[in-house]
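Chemist: Requesting a structural model of the entry that follows:
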Amino acid sequence: MKYIKLVDGLKSNANGFEYKIGELNESETWNPTTFDPALMGGFNFSVENKILRWIHRGDTIYDVEIPEDAEVIDCPSPNCPHGVFIANKIILTNPRKVTENMVMDFYNKSDLPQKTYYQCIVVVLFKNYVNVAKQIIKDKVNKNNIDDYINEFERFITDKHDGLIHKFNYDDLWQEAKDIYDILLKIQKGAD
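Modeler: Below is the predicted model:
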């Protein structure tokens, strides 16, 4: 299995860890008896057919090599089954700047639950991969699921990971997100 990881340059946008390329990266915290990310530690990564869900996690993609003595856990994830892995040791190689063409390729290879594609529209918009968002809509959205797509768009765009529910406000969207939301609304109006 080929593992890959997204990072902002050399630094994790989740915890600020700075990776060494082509060298061993070993986690200071490692507790494989929990799935709570704050307690578990380690380094997360994914695979090509699941990485779309995590595309907002960085601007550079790396191949992940697993040392023989590393522990690897396939974390349960209903939104990304067999697409969230954590290890206590990894080696990152082959850095490539992420492009929209790469993201489209990941989308075309993707194998995610339907509900995850609702979220992926917002995830790709966080990086302004508008053409990928439009392709997801073209391929996945129809009159039977448009309300679910709109509801999840509104929920996911306002989720600040603070445990609170924030009110969706169209005026708070950046232009590309407004454009995509308008496409969803147009589909919804046509579905009535």
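
Chemist: what is the mean pLDDT for the helix ranked longest in the chain?
Modeler: Secondary structure of the chain per DSSP state H: the longest helix is helix 175-191. For helix 175-191, mean pLDDT is 93.

Chemist: I'd like the distance from that helix to the chain centre, please.
Modeler: Distance, stretch centre to chain centre, for helix 175-191: 22 Å (Cα atoms, centre = their mean, to the nearest Å).

Chemist: before we move on, what about stretch 58-74?
Modeler: So, by Cα atoms, centre = their mean, the centroid of stretch 58-74 is 16 Å from its chain's centroid.

Chemist: Could you tell me the end-to-end distance of it?
Modeler: Using Cα to Cα, to the nearest Å, one end of stretch 58-74 lies 21 Å from the other.

Chemist: what about residue 6, which SS state?
Modeler: strand (DSSP: H, G, I helix; E, B strand; the rest coil).

Chemist: Then residue 94?
Modeler: Using three-state DSSP, the secondary structure recorded for residue 94 is strand.

Chemist: and residue 24, how many neighbours?
Modeler: Taking other Cβ atoms under 10 Å as the criterion, the count of residues near residue 24 is 12. All C-beta spots, glycine's among them, are computed from the backbone N, C-alpha and C.

Chemist: what's the answer for residue 131, then?
Modeler: For residue 131, using other Cβ under 10 Å, the count is 14.

Chemist: What separation do you get for it and residue 190?
Modeler: 22 Å (Cβ to Cβ, to the nearest Å).

Chemist: Please apply the same query to residue 124.
Modeler: Per Cβ to Cβ, residue 124 is found 23 Å from residue 190.

Chemist: Which elements pack onto the helix or strand hosting residue 151?
Modeler: Counting by DSSP states H and E, the element that carries residue 151 is helix 146-158. Judged by 3 or more Cβ pairs under 8 Å, 6 or more residues apart in numbering; DSSP states H and E, helix 146-158 is in contact with helix 114-126, helix 175-191.
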